[in-house]
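A.B. asks: Need coordinates for the following:
(4 chains)
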Protein chains: 2
Amino acid sequence: MSELEKPSAASRIESALLEEIAAGELAPGTRLDEVGLAERFGASRTPVREALNRLTAQGILVAGKKRGVFVAEYTIEELSQIFEAMHEIEAACARIAAQRLNLLSRSDITAAQQECVRAAESGDRASYLRANELFHMAIYEATGNPYIANLASEFRRRTGPFRAKKFETREDLIESAKSHEELINHIFSEDSATASNGMRSHMTESFVRSIRAN
Amino acid sequence: MSELEKPSAASRIESALLEEIAAGELAPGTRLDEVGLAERFGASRTPVREALNRLTAQGILVAGKKRGVFVAEYTIEELSQIFEAMHEIEAACARIAAQRLNLLSRSDITAAQQECVRAAESGDRASYLRANELFHMAIYEATGNPYIANLASEFRRRTGPFRAKKFETREDLIESAKSHEELINHIFSEDSATASNGMRSHMTESFVRSIRAN
DNA sequence: AAGCCCCTTTTTGTATACAAAGTAGAAGAT
DNA sequence: ATCTTCTACTTTGTATACAAAAAGGGGCTT
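C.D. replies: This next block holds a predicted model:
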């Protein structure tokens, strides 16, 4: 993950905002004003504007009907629809991954899962979140289709703030890791229908827990 | 198509470029330089920049590894992957639509299809293209999930330039309309598995024809 | 002739300035 | 007191200016 490329102000601001939103520091519904952010980041409005546009394009922010952009806030219905969309994509990933599994992707998935288990058992929430991301990313990569993989990661980013809350206790983590295990079995069975159903149920469970936690 | 909202320079430029790309006037691989476009549209670099960013975010344009943005050009492999992603989403739409069909969406789909048939029989290519869009949009809408619907439309826009070429003769149009008919039957059967398989085969056929045409 | 370095010209990113369009608030009218 | 309207203040969109980085070109060296 080397980002040696572009420490441009716009990108810097973009990822900073993304992080703050993901961490919940910027609550949904918060208004982001360009001048304020410009001062805060010691930059001018121009790069702020670019960052805001990019985040808006990703659905992380939304433009209010008249004025201002806000951290996206969703009703239960909307959230449920977003998760539905994500589930469909995840299921598609699982199906395709099951068809195309090779030794490398297989070991990537396994390795990520082992890391999840390790983090879950030691109850290390931050590590688990990171490992969980890697686990799902490994499945996306296994599709061999970067376009679907991107789609899936985008939804994952977008729903991050809402998913994060469901991992509280060590038991939550362990349960999630177990759920991964089943999913892996489905995918490794190389039966695509089973795999996508497996993903669907993993994600549905995950969604229900998110809703409860919010 | 009333655009009473924001005839902002940035939006104007964005849609103008999109149209030119869709129409093939801007060939894939063409370099778009900010100053040139600024002059051409009688604006400054700022709104051009914004338009370019938005189109890049949509995958219509791509940033060259060092300098400049270009109209996206895809290898057969990439194109095939993009279409695969689109197929998955379309299939998901069909499945969900099948589950949630109501009288309104049903009649929207039917109406769009009738328009397709009419255009196909009179061999009116332009009308058919428009009606075909509406037909697919009607299916997207029928999911009741705007997030999936958006995703599907985005892919449709993105692949538009490549799909357009496959409709040449009146026979092409009629065949496509027939394929719609089957798809409708699958969706209206309200059996979601059948529906998504139906969509998958419709799209696969469509893709193969696109590739041949390119 | 090939390779290397330096200089010029584009190009990109950022800052600042300005104009247009809202919004809110206060003052006045009913 | 409430409603209206005018004014000032934000806020957004666009233009222009400037600095840094990079690509291209030419000449020099070997």
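A.B. asks: Next up, the contacts around A:A112.
C.D. replies: A:A131, A:L134, A:F135, A:M137, A:A138 (CB atoms under 8 Å, 6 or more residues apart in numbering or on different chains). Yep, even glycine has a C-beta here, placed from its N, CA and C like the rest.
A.B. asks: Now the longest helix seen in chain A: buried residues?
C.D. replies: For chain A, the helix with the greatest residue count under DSSP state H is helix A:76-100. For helix A:76-100, burial by neighbour count (16 or more other CB atoms under 10 Å in any protein chain shown) applies to A:79, A:81-98.
A.B. asks: How much space separates the residue most central in space within chain A from A:I89?
C.D. replies: Centroid check for chain A by CA atoms, centre = their mean gives A:R156 as the closest residue, at 2.3 Å. To A:I89, A:R156 is 9 Å away according to CB to CB, to the nearest Å.
A.B. asks: same deal with A:A16?
C.D. replies: Noted for A:A16: a distance of 27 Å to A:I89, by CB to CB.
A.B. asks: To what extent is A:E121 buried, counted in neighbours?
C.D. replies: Residues contacting A:E121 under the criterion other CB atoms under 10 Å in any protein chain shown number 13.
A.B. asks: Check the spacing between the closest residue to it other than its chain neighbours and chain B real quick.
C.D. replies: Ranked by CB to CB, 6 or more residues apart in numbering or on different chains and with sequence neighbours excluded, the top spatial neighbour of A:E121 is A:I174, at 6.9 Å. As for A:I174, its distance to chain B is 31 Å (criterion: CB to the nearest CB, to the nearest Å).
A.B. asks: can I assume A:I174 sits in a strand?
C.D. replies: No - using DSSP: H, G, I helix; E, B strand; the rest coil, the assignment for A:I174 is helix, not a strand.
A.B. asks: picking that back up, so what's the nearest residue to the residue nearest to the centre of chain A once chain neighbours are set aside up against?
C.D. replies: What sits nearest to A:R156 in space, not counting adjacent residues and going by CB to CB, 6+ apart, is A:H136, at 6.4 Å. Residues near A:H136 by CB under 8 Å, 6+ apart: A:E90, A:A152, A:R156.
A.B. asks: For the contacts of A:A112, give me TSV that also has distance to DNA strand D, neighbour count and secondary structure.
C.D. replies: Converted to TSV, those look like this (distance: CB to the nearest atom of the strand, whole Å; neighbours: other CB atoms under 10 Å in any protein chain shown; DSSP: H, G, I helix; E, B strand; the rest coil):
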residue	distance to DNA strand D	neighbour count	secondary structure
A:A131	34	24	helix
A:L134	30	17	helix
A:F135	35	24	helix
A:M137	29	17	helix
A:A138	32	19	helix
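A.B. asks: ok, the residue found closest to A:F83 once you drop the neighbours it is linked to in the chain - contacts?
C.D. replies: Nearest-residue entry for A:F83: A:F207, 4.5 Å, with adjacent residues in sequence omitted and distances by CB to CB, 6+ apart. By CB under 8 Å, 6+ apart, A:F207 lies in contact with A:S80, A:F83, A:H87.
A.B. asks: For A:Q114, give its distance to chain B.
C.D. replies: Distance, A:Q114 to chain B, using CB to the nearest CB: 29 Å.
A.B. asks: Contact residues of chain A facing DNA strand D?
C.D. replies: Neighbours of DNA strand D within chain A, by CB under 7 Å from any atom of the strand: A:D33, A:E34, A:V35, A:R45, A:T46, A:R49, A:R67, A:G68, A:V69.
A.B. asks: My guess is A:P161 contacts A:A22. True?
C.D. replies: Yes - contact criterion CB atoms under 8 Å: A:P161 and A:A22 qualify, at 5.5 Å.
A.B. asks: out of the two, which sits in the more crowded spot?
C.D. replies: Remark: of A:P161 and A:A22, A:P161 carries more neighbours, 20 against 17, as counted by other CB under 10 Å.
A.B. asks: re earlier: can you tell me the element the residue nearest to the centre of chain A falls in?
C.D. replies: helix A:146-163 (DSSP states H and E).
A.B. asks: picking that back up, out of the contacts of A:A112, which comes closest to B:H180?
C.D. replies: The nearest member of the contacts of A:A112 to B:H180, counting by CB to CB, is A:M137 at 37.1 Å.
A.B. asks: what's the neighbour count on the closest residue to the closest one other than its chain neighbours?
C.D. replies: Using CB to CB, 6+ apart and skipping the chain neighbours, the partner closest in space to A:M137 is A:S153 (6.7 Å). Using other CB under 10 Å, A:S153 has 17 neighbouring residues.
A.B. asks: Kindly state the pLDDT recorded for the residue in chain A that DNA strand D sits nearest to?
C.D. replies: With CB to the nearest atom of the strand, the shortest gap between chain A and DNA strand D falls at A:G68, namely 3.8 Å. A:G68 carries a pLDDT value of 87.
A.B. asks: Spatially nearest residue to it (excluding sequence neighbours)?
C.D. replies: Spatial nearest neighbour of A:G68, chain neighbours left out: A:R31 (5.0 Å); criterion: CB to CB, 6+ apart.
A.B. asks: who does the one you found bridge with?
C.D. replies: A:F70 (DSSP bridges).
A.B. asks: Pull the number of nearby residues for it.
C.D. replies: A:R31 has 11 neighbours, counted by other CB under 10 Å.
A.B. asks: likewise A:A177?
C.D. replies: 22.
A.B. asks: Helices of chain A, residue ranges please.
C.D. replies: With DSSP H as the criterion, chain A has helices spanning A:9-22, A:34-40, A:45-57, A:76-100, A:103-121, A:125-142, A:146-163, A:170-188, A:192-213.
A.B. asks: Could you name the helices and strands sitting against the fourth one?
C.D. replies: By that I understand helix A:76-100. Using 3 or more CB pairs under 8 Å, 6 or more residues apart in numbering or on different chains; DSSP states H and E, the elements in contact with helix A:76-100 are helix A:125-142, helix A:146-163, helix A:170-188, helix A:192-213, helix B:76-100, helix B:146-163.
A.B. asks: can you put the ones you listed in CSV and add mean pLDDT?
C.D. replies: What follows is the helices and strands packed on helix A:76-100, written out as CSV (pLDDT from 0 to 100):
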stretch, mean pLDDT
helix A:125-142, 91
helix A:146-163, 90
helix A:170-188, 81
helix A:192-213, 67
helix B:76-100, 88
helix B:146-163, 89
